[in-house]
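> When you get a sec, could you give me coordinates for this:
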Amino acid sequence: MFFQNTDGKRAMDDIQIGIGDMSKSTGVSSRQLRYWEEKGYIKSINEGDGNKRKFTINEYYHIRLI
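Down below sits the predicted model:
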């Protein structure tokens with residue numbers, strides 16, 4: 001069973017991981033993550049300024065499978 005927020009989303013869906021932390025936790029370089037994003041293999045969450053890449057926990061698992 002998953003915990004749900006007041007808006008009905010699962011609590012895990014709100015987790016956001018920066019590109020540096022994603023790189024460290026997956027062993028994939030930041031450069032490779034940016035390349036995969038450019039090719040459409042993975043998706044990041046845009047923070048508005050265009051420079052900060054954040055990823056969801058679902059993308060973490062996706063990256064681990066690549």
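
> the helices in this protein, which residues?
19-26, 30-39, 57-65 (DSSP state H).

> Out of the ones you listed, the one nearest Ile45 is which?
Taking Cβ to Cβ, helix 57-65 is the member of the helices of the chain nearest to Ile45, at 8.8 Å. Placement of C-beta: from N, CA and C, glycine included.

> From the contact counts, what lies against the closest one?
Helices and strands touching helix 57-65, by 3 or more Cβ pairs under 8 Å, 6 or more residues apart in numbering; DSSP states H and E, are strand 16-18, helix 19-26.

> hmm, try it at 7 Å
Here helix 57-65 touches helix 19-26, going by 3 or more Cβ pairs under 7 Å, 6 or more residues apart in numbering; DSSP states H and E.

> before we move on, the earlier item: need the helices of the chain in a markdown table with distance to Asp13 and mean pLDDT, can you?
Formatted as a markdown table, these follow (distance: least, Cβ to Cβ, whole Å; pLDDT from 0 to 100):
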| stretch | distance to Asp13 | mean pLDDT |
| --- | --- | --- |
| helix 19-26 | 16 | 96 |
| helix 30-39 | 19 | 97 |
| helix 57-65 | 7 | 95 |
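
> who does the residue most central in space within the chain bridge with?
Geometric centre of the chain, nearest residue: Phe55, 1.7 Å, by Cα atoms, centre = their mean. Phe55 has the following beta-bridge partners by DSSP bridges: Ile17.

> from the middle of its chain, how far away would stretch 21-32 be?
Distance of stretch 21-32 from the chain centroid (Cα atoms, centre = their mean, to the nearest Å) equals 11 Å.
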